[in-house]
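[1] the following comprises the amino acid sequence and a computationally predicted model.
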Amino acid sequence: MAYVGGDPMKRHAGFVCLVILTLPLAMCATPEKSGYEEIDVGHCISCHQERTPALFQSWAESKHAKKGVHCVTCHIDHEAAFQTKSMVFPEKCGECHKKELAEFQQGRHSLGWDRMRVHGEYLGIPQEIRTAFCERCHIVQKRCNSCHTSHSFSLKEARDPESCASCHLGPDHPHKEMYETSLHGIVYKLTQDPDRAPRCVTCHMPGGTHNSSFGIARGPAGTKAQVVDLKQVPISKEEEERRREEMIGVCTGCHSRRFAKEHLDNADQVKEAGFKLQDQGMGVIQEAAKEGLLTPSLKDRMPHPTEGRTLVLSDPQLYIGTSYIERLFFTMFKFHSIRVWKSGYHFSPAYTHGFGWTEMQLDLIDIKEEAEKLRQMIQKQKK
Amino acid sequence: MLKKLVFLPTLLIFLFSVPVGAEEKIGECLACHQKETRGIFQAWVNSEHAKKGVDCITCHKNHDEAKAKKSAVGPEICGKCHQDRLRQFQEGRHSVAWNGMREHPQYQALPDPLKKAFCERCHNVEFKCNSCHTSHAFKPEEAREPESCKKCHAGLAGPHDEMYASSLHGTIYAVEKKATRSPNCVSCHMHKGNHNISFGIVYDSWGNPVDKNGKRLSKQDQEKVRKPMIEEVCYQCHIKSLTLERFDLADQVKEKAQELLSEAEQVIRGLEREGILPKGVVLGRNQLYQGSSRIEAIYYRMSQFQNVYTWKGAFHFSADFAHWYGWAHLQMSLIEIKEEARKLRELSRSKK
């Protein structure tokens, strides 16, 4: 059955009952100093239970409704809501959820939008369609309802791996797929019991912290070896160790400290090996560039939006308008290298080995072969 | 044991109370089929059909006739009771799936046993209500689950399931399992049980704005088709301005992807003109994935896979499909096509 079925009269009767039940509660619980007294929430509801009934219904069933947090509390008034396309920013949610907002601002989710805006890949996409691609996820900086979706804002939902999976999946960072093919993910899928096996939030938001960068000692953004802080400054060795210990604190819920450390340290080594392989691919291309083998040459192509007319290999390399050998490397670093090391930390052999390491080795063969072909072509041209 | 206890009285009730066709007795079917095809029989016993007295004979007529058709029951038979559903079904593209397939050169190029194992398994939806309402339970609850659509609408050629699953709609539905909270496939495509699965859809599988019979839709017609989906479905949760903006955006994504495809096509047509590729290269809709040059094969992936991921991903609001599986791969393929063209030209020059 689609959305709202059944007899429309009965349906409305249900809504009216809900409104009658929740309205007085909502009115009484509105904070006195809010300044929203002039706006009657009944005013919103009189239209929106008709115009956006399912949205209204999820609010009516939400904890917010029970506690008297209603349309006006977050959206202020119709005019203000209209101007922001009904968006409600984290600062607004933070008026009640202070601790969560403070934690959120310590993590990399709170930079999602700003970092995207200056990224070459983003700038390389036609402006009109960026919203359909990057912005849909990177907006997390401005939307608590990326994870706590409107208008239920359900905790059960936000804690489910599915909730993270609307962004954390796919070629560029298959976190969902890695997790699902790890023993952690499999046991959780079978038991649906977070005490039995961890899900995303168990490790990345332990104790409900909203600092999603908790415990991440090796990173960030997945394409550089070094971890940086929110200001993009590399963190110290001591800070790395402190974060690692933080994460080990989660693992010791089930594993011995020694075991956990050993596995994370092993993942560090996997990561290093992956980056070495990546460097080999990079070396071949740098050599080819020196010999003038790249077509189009750096002079003959659109300059990189942030790096100018330089050879950009690995982040923020573009997938647009480069030579074919660079495009081969793009796949190697952006899709395959990331599988190797991130799956190392997510304990998915299928991803770290099969989809990662194996593919990287095959990429390297392709890159070397392509360089050789380009060399032969030039030699023939000279003859 | 418990099942048997329930089953025996049910069986007895049927043997004595169900209206039976003049010549055939349902008992005759049951005598064998409760043993020989136990799973199917059990599914029927538990079905709504069984409760309402719709039995073997109602749909299969008699043993000989059933045998001749390998027990297939066409939509027209189901439509004797489900008249509205049949009429709606016939308005949608599911009802022309078989014919569309038969006309396609890729189908014609496949050996018979492969046709059966590949294309026909899904395209027979034209003849089989039980593609979605599987035999012999015919449960609406099952048919309404995204899993049910997934059997055909998944994978390289049309990863609708994967697009939906990676959209916010799909992720919320996966947790809440409540179509009032977040739409599943049928919320949008079979609104209120409408069996016209082309409801609200402007484009065919190839991205052309046409109706079921291939007739081109004018801009106004397109708006007319889209309007009921927007108003009756999207507005359940979303405000007007945002909804219209999203559809507009998806249309623009589709257009931009088409530009990349055209650029790639121009490269290949150039080679054709220069005599590097033979004349009459077929690209796009009727293109085959076999026996062509490598550069055409790269284009095949662009047009049949990556382009579809981009625009259909945008209409399903999956950033992951629209961008990473789609757009990024289209761009990378374009690089590859240009390089391949360069090498082919180089090769042809050195031969001279």
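    Happy to help now that I have it.
[2] got the residues of the stretch 201-350 of chain A near chain B?
    A:295, A:319, A:320, A:321, A:322, A:323, A:324, A:327, A:330, A:331 (CB under 8 Å from any CB of the partner chain). Heads up, the C-betas are built off the backbone N, CA and C, glycines and all.
[3] among those residues, which are in strands?
    Assignment to strands by DSSP state E places none of these there.
[4] may I see those organised as TSV, with distance to residue B:74 added?
    Formatted as TSV, these follow (distance: CB to CB, whole Å):
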residue	distance to residue B:74
A:295	58
A:319	49
A:320	50
A:321	53
A:322	54
A:323	56
A:324	52
A:327	50
A:330	51
A:331	48
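[5] compare those and tell me which is most surrounded.
    Counting neighbours by other CB atoms under 10 Å in any protein chain shown, residue A:322 comes out on top of these with 28 neighbours.
[6] just give me the neighbour total for the nearest residue to that residue once chain neighbours are set aside.
    The shortest distance from residue A:322 to any non-neighbouring residue, by CB to CB, 6 or more residues apart in numbering or on different chains, is to residue B:335 (6.1 Å). Neighbourhood size, residue B:335 [other CB under 10 Å]: 22.
[7] quick one, what contacts residue B:335?
    Contacts here follow CB atoms under 8 Å, 6 or more residues apart in numbering or on different chains; on that basis residue B:335 touches A:319, A:320, A:321, A:322, A:323, A:324, A:327.
[8] what about 7 Å?
    A:322, A:324, A:327 (CB atoms under 7 Å, 6 or more residues apart in numbering or on different chains).
[9] just the CA atoms of stretch A:368-382, as CSV, please.
    Output of stretch A:368-382 as CSV, limited to C-alpha atoms (Å, rounded to 0.1, in the frame of the first residue of the first chain):
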residue,chain,number,x,y,z
LYS,A,368,53.0,0.2,-17.0
GLU,A,369,51.7,-1.3,-20.2
GLU,A,370,50.1,2.1,-21.2
ALA,A,371,53.4,3.9,-20.5
GLU,A,372,55.2,1.4,-22.7
LYS,A,373,52.7,1.8,-25.5
LEU,A,374,53.0,5.6,-25.4
ARG,A,375,56.8,5.3,-25.5
GLN,A,376,56.6,3.1,-28.6
MET,A,377,54.2,5.4,-30.3
ILE,A,378,56.6,8.4,-29.8
GLN,A,379,59.5,6.4,-31.1
LYS,A,380,57.5,5.4,-34.2
GLN,A,381,56.5,9.0,-34.8
LYS,A,382,60.2,10.0,-34.7
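[10] the host helix or strand of residue A:113 near chain B anywhere?
    Counting by DSSP states H and E, the element that carries residue A:113 is helix A:112-117. No: using CB under 7 Å from any CB of the partner chain, we find that helix A:112-117 stays clear of chain B, coming within 11.6 Å at best.
[11] any idea how far the longest helix seen in chain A is from the chain center?
    When chain A is parsed with DSSP state H, its longest helix is helix A:257-290. Mean-position distance between helix A:257-290 and its chain equals 23 Å (CA atoms, centre = their mean, to the nearest Å).
[12] other SSEs contacting that helix?
    helix A:237-251, helix A:324-330, helix A:338-346, helix A:359-382 (3 or more CB pairs under 7 Å, 6 or more residues apart in numbering or on different chains; DSSP states H and E).
[13] residue ranges with poor pLDDT in the stretch 101-250 of chain A?
    Applying pLDDT under 70 to the stretch 101-250 of chain A flags residues A:218-225.
[14] which parts of the stretch 1-150 of chain A are helices?
    A:8-29, A:41-51, A:53-60, A:63-66, A:71-75, A:78-83, A:90-93, A:98-106, A:112-117, A:120-123, A:134-138 (DSSP state H, counting those that start in this stretch).
[15] quick check: mean pLDDT of the fifth one?
    Across helix A:71-75, the average pLDDT comes to 93.
[16] do it and chain B meet?
    No: using CB under 7 Å from any CB, we find that helix A:71-75 stays clear of chain B, coming within 11.2 Å at best.
[17] what of the third one?
    Yes: for helix A:53-60, a contact with chain B is found by CB under 7 Å from any CB, at A:53, A:54, A:55, A:57, A:58.
[18] ok so, going back, any idea how far the residue nearest to residue A:322 is from residue A:334?
    14 Å (CB to CB, to the nearest Å).
[19] go on, residue B:123?
    Counting by CB to CB - residue B:123 and residue A:334 are separated by 36 Å.
[20] then residue A:249?
    Applying CB to CB to residue A:249 and residue A:334 gives a distance of 32 Å.
[21] ok, now residue A:202?
    28 Å.
[22] okay if I get the helices of the stretch 1-150 of chain A as CSV plus mean neighbour count?
    Converted to CSV, the helices of the stretch 1-150 of chain A look like this (neighbours: other CB atoms under 10 Å in any protein chain shown):
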stretch, mean neighbour count
helix A:8-29, 14
helix A:41-51, 15
helix A:53-60, 23
helix A:63-66, 17
helix A:71-75, 21
helix A:78-83, 12
helix A:90-93, 17
helix A:98-106, 16
helix A:112-117, 16
helix A:120-123, 18
helix A:134-138, 20
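[23] got TSV for those helices, with distance to residue B:49 too?
    Listed next are those as TSV, based on distance: least, CB to CB, whole Å:
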stretch	distance to residue B:49
helix A:8-29	28
helix A:41-51	38
helix A:53-60	32
helix A:63-66	42
helix A:71-75	47
helix A:78-83	50
helix A:90-93	51
helix A:98-106	52
helix A:112-117	52
helix A:120-123	55
helix A:134-138	44
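[24] tell me which of those approaches residue A:164 most closely.
    helix A:134-138 (10.8 Å; CB to CB).
[25] touching chain B at all, that closest one?
    Yes: contact of helix A:134-138 with chain B (CB under 7 Å from any CB) involves A:134, A:136, A:137.
[26] closest one of the residues you listed to residue A:75?
    residue A:136 (21.6 Å).
[27] the closest residue to residue B:144 other than its chain neighbours: neighbour count?
    Once flanking residues are discounted, residue B:144 sits nearest to residue B:186: 5.1 Å by CB to CB, 6+ apart. When neighbours are defined as other CB under 10 Å, residue B:186 has 25 of them.
[28] need the pLDDT of residue B:186.
    97.
[29] gap between it and residue B:165?
    15 Å.
[30] residue A:249 and residue A:334: who's more crowded?
    Neighbours were counted for residue A:249 and for residue A:334 using other CB under 10 Å; residue A:334 has more, 21 against 14.
[31] isn't there a strand covering that one?
    No: read with DSSP: H, G, I helix; E, B strand; the rest coil, residue A:334 is helix and lies in no strand.
[32] share the number of residues neighbouring the nearest residue to it once chain neighbours are set aside, please.
    Excluding its sequence neighbours, the residue lying closest to residue A:334 (CB to CB, 6+ apart) is residue A:172, at 6.1 Å. Counted with other CB under 10 Å, residues neighbouring residue A:172 total 16.
[33] and residue A:172, which helix or strand is it part of?
    With DSSP H and E as the test, residue A:172 turns up in no helix or strand.
[34] quick one: distance of stretch B:119-137 to the chain centre.
    11 Å.
[35] what's the first-to-last distance across it?
    Start-to-end span of stretch B:119-137 (CA to CA, to the nearest Å) is 25 Å.
[36] any residue of that stretch up close to chain A?
    No: contact between stretch B:119-137 and chain A is absent, the nearest approach being 14.5 Å (criterion: CB under 7 Å from any CB).
[37] what about that stretch, average pLDDT?
    On average, stretch B:119-137 scores 96.
[38] what does stretch B:142-153 give?
    95.
[39] list the contacts of it.
    A:1, B:122, B:132, B:133, B:134, B:160, B:161, B:164, B:184, B:185, B:186.
[40] flag every buried residue along that stretch.
    Neighbour counts over stretch B:142-153 (16 or more other CB atoms under 10 Å in any protein chain shown) mark B:143, B:144, B:145, B:146, B:148, B:149, B:150, B:152, B:153 as buried.
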